[in-house]
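In: Just to be clear, the model below is a prediction. Sequence and coordinates:
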Amino acid sequence: MQIYSKLPDVGTTIFTVMSSLAVEYNAVNLGQGFPDFRMNEALIALVNDAMKKGSNQYAHMSGLPLLRERLAEKVERSYHTKIDPDSQITITPGGTYAIFTALTTVLQPGDEVIVFEPAYDSYIPNIEINGAKPVLISLQYPDYSIPWDEVRQKVNARTRMIMINSPHNPTGAVLSENDIEQLRSIVAGTKIIILSDEVYEHLIFDEIQHQSILRYPDLLERSFVCFSFGKTYHCTGWKLGYCISTAAMMKEYRKVHQFNCFSCDTPKQVALAEYITNQEEYVTLGKFMQEKRDFFRELMKATPFKGIPSHGSYFECYSYGHFTDESDKALAIRLTKEYGIASIPVSAFYKNATDHKVLRFCFAKKEETLEKAVAKLIHLR
Ligand code: PMP
Ligand code: GLN
């Protein structure tokens, strides 16, 4: 039976392609972003407990009420903004779903969405499947900053949304207060909605303050802000996240959510509701991951790669155009097959596969994993 594809240009996500190749060639996987160290045992115990005590039926459609209350407290502590847990937060099965639901809630056929590239790989297909049009703007290589003048030129009456992501995947770039000012001046007086992907909110380095949209009530008025528990608690496989918005926008969001997954994993929500009262866990996360970045960075000095500094996320990008002409995809495949180390070619995050000859490496790994990986890379020719 023939299916008329809704995503005719889309293949298999690069994360699955590279992770499969890593398995096939028994390579160290610094490609797909996930920690290889164990998550906190106390949080696992809380999930076990919740299951044993009988928290095994459907949770509330918008998320376990206690978890939403605790998240509202965390938001107030972290960003000094009061949000209403009843009407402004929805728990979702992961950050990716939170983003998809926001786009599906808002977009009408013909709407334009400004997307910065390199872009996390789900954004553009999520826009297109809703019949809207991605308007692509390249971040400025090599610091991957936003060219705000170009944004101004591309905004028009059809612009419905601007998507931002800080700390940024794949580059580790972070937005500054000035970026927020620029964004504010562009959206003022328009009907533009902001989608802010903040899944790496706590993975930020060098004492930089995360410019969450939640700090800015005037911007939150027009935003969906998306998060992932997977990144904060080293459990990407849990696929649990949440979205914060205004009560009015969240009301529409929940209409989409309730007939898609309806509600999320109950025992994990029960466990997280208790666990997130431990502020230490997320306040120290930036330092913990920065040590890994620095460790990896130091090791990489012995390889021919040149680092493009990351200030947040799980990732640091490295350029190689000075020692080979190969495409980034070709080099990523060669490194996996011949040197036993998987990475992600950054051209995969551009619709037209722009190739600056840059690979993304995930450093959210045990030190021994990073050592093992780089020991192989040192021999690269
Ligand atoms: N946005 C970005 C930028 C990400 O890197 C990720 C991680 N996969 C997500 C969203 C989605 O997170 P989750 O795994 O919770 O769906
Ligand atoms: N966010 C992760 C990355 O960028 C992977 C998520 C996924 O595999 N879909 O590597």
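Out: Yes, it's here. Ligands and ions are numbered 1, 2, ... in the order given.
In: Spatially, what comes nearest to the residue in the stretch 151-300 of the chain that ligand 1 sits nearest to if we skip its sequence neighbours?
Out: Residue nearest to ligand 1 within the stretch 151-300 of the chain: S228 (3.2 Å; Cβ to the nearest ligand atom). All C-beta spots, glycine's among them, are computed from the backbone N, C-alpha and C. In space, and not counting its chain neighbours, S228 is closest to G95: 3.5 Å by Cβ to Cβ, 6 or more residues apart in numbering.
In: for D328, same thing?
Out: Nearest non-adjacent residue to D328 (Cβ to Cβ, 6+ apart): P345, at 3.5 Å.
In: in the sheet, who's paired with the one you found?
Out: L359 (DSSP bridges).
In: So for it, what's the pLDDT?
Out: On the pLDDT scale, P345 is placed at 97.
In: likewise L380?
Out: pLDDT, read off for L380, is 87.
In: Next, the residue lying closest to T246 once chain neighbours are set aside: phi, psi?
Out: Nearest non-adjacent residue to T246, counting by Cβ to Cβ, 6+ apart: E221, 5.9 Å away. E221 has phi and psi values of phi -50, psi -20 when expressed as degrees, to the nearest 10.
In: burial of E221, as a residue count?
Out: Neighbour count of E221, defined by other Cβ atoms under 10 Å: 15.
In: same deal with the one 3 residues further on?
Out: A total of 28 residues lie near F224 under the criterion other Cβ under 10 Å.
In: Confirm that it sits in a helix.
Out: No - assessed with DSSP: H, G, I helix; E, B strand; the rest coil, F224 is strand; it does not lie in a helix.
In: wait, doesn't it sit right on V256?
Out: No - using Cβ atoms under 8 Å, F224 is not in contact with V256, being 11.4 Å away.
In: joint contacts of these two?
Out: Common contact partners of F224 and V256 (Cβ atoms under 8 Å, 6 or more residues apart in numbering): T105.
In: can you pull the contacts of whichever residue of the stretch 251-381 of the chain sits closest to ligand 1?
Out: Closest to ligand 1 within the stretch 251-381 of the chain is S313: 7.1 Å, counting by Cβ to the nearest ligand atom. Contact partners of S313, counting by Cβ under 8 Å, 6+ apart, are 33, 167-172, 200, 203.
In: Need phi/psi at it.
Out: According to degrees, to the nearest 10, S313 has phi 80, psi -170.
In: On the pLDDT front, check it for me.
Out: At S313, pLDDT is 98.
In: Now the stretch 101-250 of the chain against ligand 2: closest residue?
Out: Counting by Cβ to the nearest ligand atom, the stretch 101-250 of the chain gets nearest ligand 2 through N169, at 5.0 Å.
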